[in-house]
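Participant: got a predicted structure here, sequence first:
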Protein chains: 4
Amino acid sequence: MKRNDTPVYYGDYLQLDKILGAQAFQSEKYGEPAHDEMLFIIVHQVYELWFKQVLHELNAIIDTFSQERMPDDELIGVVHRLHRIIQIQQLMNDQISVMETMTPQQFLSFRDYLVPASGFQSIQFKRLEISLGLKREYRIDFDKQSFFNRLTDKDRELLEALENKSSLFELVDEWLARMPLLEKDEFAFWQHYKSAADDLLASDKQTITENETLSDKEKAQELKDWQGTRENFDALFDKEKYEALRQDGVFRLSHEAMLATLFIKQYPEEPIFNVPFQLITALTEIDEKLTIWRYRHAMMVQRMLGTKIGTGGSSGHHYLKKTTESNRIFVDFFNTATFLLPKDMLPPLPEQVKHYFGFHYS
Amino acid sequence: MKRNDTPVYYGDYLQLDKILGAQAFQSEKYGEPAHDEMLFIIVHQVYELWFKQVLHELNAIIDTFSQERMPDDELIGVVHRLHRIIQIQQLMNDQISVMETMTPQQFLSFRDYLVPASGFQSIQFKRLEISLGLKREYRIDFDKQSFFNRLTDKDRELLEALENKSSLFELVDEWLARMPLLEKDEFAFWQHYKSAADDLLASDKQTITENETLSDKEKAQELKDWQGTRENFDALFDKEKYEALRQDGVFRLSHEAMLATLFIKQYPEEPIFNVPFQLITALTEIDEKLTIWRYRHAMMVQRMLGTKIGTGGSSGHHYLKKTTESNRIFVDFFNTATFLLPKDMLPPLPEQVKHYFGFHYS
Amino acid sequence: MKRNDTPVYYGDYLQLDKILGAQAFQSEKYGEPAHDEMLFIIVHQVYELWFKQVLHELNAIIDTFSQERMPDDELIGVVHRLHRIIQIQQLMNDQISVMETMTPQQFLSFRDYLVPASGFQSIQFKRLEISLGLKREYRIDFDKQSFFNRLTDKDRELLEALENKSSLFELVDEWLARMPLLEKDEFAFWQHYKSAADDLLASDKQTITENETLSDKEKAQELKDWQGTRENFDALFDKEKYEALRQDGVFRLSHEAMLATLFIKQYPEEPIFNVPFQLITALTEIDEKLTIWRYRHAMMVQRMLGTKIGTGGSSGHHYLKKTTESNRIFVDFFNTATFLLPKDMLPPLPEQVKHYFGFHYS
Amino acid sequence: MKRNDTPVYYGDYLQLDKILGAQAFQSEKYGEPAHDEMLFIIVHQVYELWFKQVLHELNAIIDTFSQERMPDDELIGVVHRLHRIIQIQQLMNDQISVMETMTPQQFLSFRDYLVPASGFQSIQFKRLEISLGLKREYRIDFDKQSFFNRLTDKDRELLEALENKSSLFELVDEWLARMPLLEKDEFAFWQHYKSAADDLLASDKQTITENETLSDKEKAQELKDWQGTRENFDALFDKEKYEALRQDGVFRLSHEAMLATLFIKQYPEEPIFNVPFQLITALTEIDEKLTIWRYRHAMMVQRMLGTKIGTGGSSGHHYLKKTTESNRIFVDFFNTATFLLPKDMLPPLPEQVKHYFGFHYS
């Protein structure tokens, strides 16, 4: 390793002249400097720095998955990077409390000078959403239109190019679907699994029908929900049914990826599944933390503006609450819990699967 | 102050024999001890201990407000206790991450032994909701019925008695409504305020109509929302209109309490409004943190069970997500932001108001 | 309030070209780009942005206190700003966990390119310390010398100029000392207080001597400590003794400020003391959070480097641990707990004091 | 899986009669009920519940390591449990903020009734320390004596029995030392490593000597520290020297375990080292979080009592600060950072090592 030949000074290295020289108050420009505009600017700049870091990790992860044949041992590094993203998300969620030290009235002291700027214009945030796997079609109308109405041509083109590239969701789906474990001894295993699932569902139905604390109306509702779960279960074993439900938006993962996910979540203590299980758990966590961020953000906006319009000219918090659920990416990893069986109902893992990757103790 | 005459031993004082002897596994009873059931029990017991503490503070606060004539300086102690509740809520929200270290499959190893127990049966949590101000009528059907279906008679009666007592919401509403500031010089002040509000709303309308980044459809929607805000503003100055909107659920605070809230939030730097402003901010925070807790809890249940039924025989997470917004108590304190004016548009605070309480520097 | 006449675009407003264009890797310069250098840069840039925000609040607070005669009602705004600083500190402390996602070996991949840059060169952090009240004389040798060895002339001069201005510690000390409450009826009150303190100390001594769980050696040590407390108590009532202990570094607050602090902490429920009590509590919190930050930072450095030298050429974590305690500013606000009496031993607050400021209900 | 045959009621399952019936105020017993004693009791009870959970996990981990020959794939479960402990620790650290909502004066309203109870008497906390690996000899005098002075005979005997069992530290040390990787091809690898280390140290020395920002005195000190690091490095390659330094308390890990740790931290991306690396990182984290807890706890006590004696008759915070560093367990895992080499200076991992466990892709 070489040494640097020019001595480094802390402030130069971090380019603090740029970083600390980038806070220009709109309120000052209009002759009424508002003390609290600093907080508004800095909170947003910090968010953008974290977005840059998250994108740095995310892009490296996407590159790893995009290799023709990703070496299995690179998955360890991917999980490490996802855990870093989660730590940053924790901080970003808590950061909302800092913004909330601004009272609604303090915000009013400079709000009108910001028109029509809007958080919708954060290109890095939209890049983050797209790179994770948010499709234009899932966005609610207002957000779809924001691509055309609120962005410069250059920014819109950049995002549209990104929408045409593989997202993390797609790459992970493909990677899961590639897992060859399902080709081996498949029939017997899934037969066994299906029969155990039938028992579990029958037991759940019994729990409902025998539950004396439920009214007739509740019972009817519960049985209807149970029926839905029953059908989803059936779809697991019937690709055609599965694809139909996927069209309806019940599932997003491909059928193969869904089965691989189930396998991994059923047998996480198997050495070959250890890192894949950590991958799935980390992506679940990222989806959860992003969802909490959206929800907290929506509430913060409500607290700051009530039903007043935001600086971008839209009534913010209703819109934002809608995106909380609609913009989730890895929701299938939550819903697979539906299909898990207790350990003692599980069929034994086929030996062929255990050995497929040849990942074993000699 | 007296000294104790019998020496105290740490474990006896804290009754650790009871506390640490209260973890009996259902899974053990059925011969299949599940390691992770301990976490499930202890997480819930910790929640119940915190609920006890929160109720201890909340009841003391309710007692303070319930006095014939609460001495104004007792409000300081109330705010101190609310801040303690907020700190505990922060911890309770973060505690969900501890529960989430249990994988769905670990949960399945003992779930079936718990039927039909359910978090709906936490009497302390229901007490907390009721004491804060949640009315039976706001609860969604499922939760209404749970009073009859899931509780013992004794527990239900206890809660029904509590529903007939004044809640914190009601007491705070009455206290705000009692603020005599509005009787003084009212006409001129509100005239001034109304005219400033008209200017603000006109400016907001202009922001919408001149916003070239909005499509026609968006613009129409924004103008409709603006019209709603306009009507809410009008209702502020017209008790009859206000009561009509209150019947519709747009507002929960009484008209007088709403005006007092607005006053306080407009002039928080006035010494007489300092503690009341802290009160309102703290209640806003409590509502926000409780809402986040509900949302995170719902997501955790989804992660654990997917769409499977819970131990209480209900598909948990859909239900829980519904309560996130419906069970909010102090949502008016968020929405008042709608009516705030920037400092420089505000009419000067009438001198009579400043001096009403005689709370001033001589 | 005027409206802005030029439309604002999010990215321009936040100057994201500067903010997001300020991450130049040293490792890239030397031909061995290290993925993890991004985290190192961004974590430090985020810290510097928060420091800017904290200094923005701190300087406004210092300006408020520096007025010839600060209007008492401005204290409310000061406390609000201190609470904002505390929220930011909470985030800065948690941010260490983000840095710790970098393994020691990842750090080694670019460490050598940073020589001799060092966190000691963060001018904003040194400004923060100085503005809070850290004197050069309290700094340990190494840190004293860093002013001469590690800073550019310009930076050193800036800091030296700041050292000659009044710090928040000094301004708060003067403000507390100015509190006229002590001039009134002083004799009787302090007589009463002294006698109650004597009782308390006698009771504490009894607790020690009667404690059968203490060995003789422990008892001797406890009695010695008790004797120290006794002497500190005596100094409260004897300015000369107090000043002698202050010279020795036992106290930093002036005698008058110490007595005012005691008063405020004894009677926080008095309306006139409500905001001052919040001020003292907030400064205690700031000192505590800064101390925790130093400690966590020192441990993080140990985890990253062990006993290796840092990029600045010094063995970091030993040094940093030393500063944890030595650089505390408001430690007197912790130690005043020594002198507090239980409510029921307190002399009644003199009427003159209650009315001095004329801050009362008519 | 069987179903339960008796319906379960939430409150019965959690034994809430015990849990919520265990808060008896000492202050009430003496006729002066203190509102805030509830917080004191409940905060401590919650801590004890978390200690029970942590011990539940820790004991399971110890059992796993205590097996004659632990199957390597059980390590995954161990790491999962350690991560759960870390999440709980995070909560326990934050819980100090809840306790700090009690003002020193509120604490005084019941402190005297608790004499001579003390946190030293928390048997579960002492069990936790001992099970992690804290030896009596490392405890400071005061804490050593507390075993005899403050505990009942039964409690002391229980702890002494535990001190004679293998702690997690010892078991992990043995497990690391057993790693056979060092027997293979050892000579060539360590030769290579030693030569790279020599280069690194020479480079560090150069950094010091060429550093113009250091004064002569500083330079001398740095070179002395460097010399210490140099000697520690030499000890790595010389078991006798290592054992001498271990006697002096410089190291706690056995020589073999230290070398294995180094290996693992140098090559964490190797599949065989993935889980061991996670193990070491988790133990580092646990040590760090426990250390932060001790430090925050000490500061909280200082804030509450100043230099007054605690209820156990000892001046708390000085003592507690001492234990912060002295009671650390896995400090070697921090200090190994000293010996890490940058990736590009590392010798290639010997093929024999890669294959030793036969843990590979076929």
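Facilitator: Okay, I see it.
Participant: pretty sure A:K126 is touching A:L159, no?
Facilitator: Yes. If you go by Cβ atoms under 8 Å, A:K126 and A:L159 touch, sitting 5.5 Å apart. For the C-beta atoms, the positions are set from N, CA and C on the backbone; glycine is no exception.
Participant: between the two, who's got more neighbours?
Facilitator: The neighbour comparison of A:K126 against A:L159 (other Cβ atoms under 10 Å in any protein chain shown) goes to A:K126, with 24 against 17.
Participant: can you list contacts of the host helix or strand of the more buried one?
Facilitator: If you go by DSSP states H and E, A:K126 is part of helix A:123-132. For helix A:123-132, contacts defined as Cβ atoms under 8 Å, 6 or more residues apart in numbering or on different chains pick out A:48, A:51-52, A:54-55, A:58-59, A:62, A:119, A:151, A:155, A:158-159, A:162-163, A:167-169, A:286, A:290, A:327, A:329, C:11, C:20.
Participant: quick one: buried ones out of those?
Facilitator: For the contacts of helix A:123-132, a burial check counting by 16 or more other Cβ atoms under 10 Å in any protein chain shown picks out A:48, A:51-52, A:54-55, A:58, A:62, A:119, A:151, A:155, A:159, A:167-169, A:286, A:290, A:327, A:329, C:11, C:20.
Participant: how long is stretch A:31-43 end to end?
Facilitator: 23 Å (Cα to Cα, to the nearest Å).
Participant: so which bits of it are buried?
Facilitator: For stretch A:31-43, by 16+ other Cβ under 10 Å, it's A:32, A:34-43.
Participant: pLDDT-wise, what's the bottom of those residues?
Facilitator: Across those, the bottom pLDDT score, 92, is held by A:E32.
Participant: looking at it, that one is touching B:P342, isn't it?
Facilitator: No. Counting by Cβ under 8 Å, B:P342 is not a contact partner of A:E32; they are 9.7 Å apart.
Participant: give me the residue from the stretch 101-250 of chain A nearest chain C.
Facilitator: In the stretch 101-250 of chain A, the residue that lies nearest chain C is A:Q121 (3.5 Å; Cβ to the nearest Cβ).
Participant: hmm, that residue is touching A:R156, no?
Facilitator: No. Counting by Cβ under 8 Å, A:R156 is not a contact partner of A:Q121; they are 10.7 Å apart.
Participant: neighbour count: those two, which is higher?
Facilitator: More neighbours surround A:Q121 than the other of A:Q121 and A:R156, with 23 against 17 (other Cβ under 10 Å).
Participant: if I look at that one, how far off is D:E240?
Facilitator: Applying Cβ to Cβ, to the nearest Å, the value for A:Q121 to D:E240 is 67 Å.
Participant: can you give me the end-to-end span of stretch A:133-140?
Facilitator: So stretch A:133-140: terminal residues 15 Å apart, Cα to Cα.
Participant: any idea how far the residue of the stretch 101-250 of chain A closest to chain C is from chain D?
Facilitator: In this view, A:Q121 and chain D are 35 Å apart by Cβ to the nearest Cβ, to the nearest Å.
Participant: once you drop chain neighbours, what's closest to that residue?
Facilitator: Using Cβ to Cβ, 6 or more residues apart in numbering or on different chains and skipping residues adjacent in sequence, the residue nearest A:Q121 is C:Y10, 3.5 Å away.
Participant: where does chain A have low pLDDT?
Facilitator: A:1-3, A:181-187, A:309-316, A:350-362 (pLDDT under 70).
Participant: return the member of the buried residues of stretch A:31-43 nearest to C:T307.
Facilitator: A:I42 (36.3 Å; Cβ to Cβ).
Participant: for the helix or strand encompassing the closest one, packing partners?
Facilitator: Element membership for A:I42 (DSSP H and E) is helix A:37-66. Under the contact criterion of 3 or more Cβ pairs under 8 Å, 6 or more residues apart in numbering or on different chains; DSSP states H and E, helix A:37-66 touches helix A:26-29, helix A:75-99, helix A:104-111, helix A:123-132, helix A:168-178, helix C:16-19, helix C:37-66.
Participant: helix/strand/coil for the residue most central in space within chain A?
Facilitator: With distances taken as Cα atoms, centre = their mean, A:D287 lies nearest the centre of chain A, 2.9 Å away. Following DSSP: H, G, I helix; E, B strand; the rest coil, we place A:D287 in the helix state.
Participant: now swap in A:I329 and tell me
Facilitator: Following three-state DSSP, A:I329 is assigned to coil.
Participant: who touches it in this structure?
Facilitator: A:I329 neighbours (Cβ under 8 Å, 6+ apart): A:132-134, A:169, A:287, A:290.
Participant: before we move on, what about A:I41?
Facilitator: A:I41 makes contact with A:23, A:25, C:13-14 under the criterion Cβ under 8 Å, 6+ apart.
Participant: mind doing that once more with 6 Å?
Facilitator: By Cβ atoms under 6 Å, 6 or more residues apart in numbering or on different chains, the contact set of A:I41 is A:Q23.
Participant: stretch A:276-294 near chain D anywhere?
Facilitator: No. On the criterion Cβ under 6 Å from any Cβ of the partner chain, stretch A:276-294 is out of touch with chain D, staying 8.8 Å away.
Participant: list the buried ones in that stretch?
Facilitator: Result for stretch A:276-294 [16+ other Cβ under 10 Å]: buried residues A:276-294.
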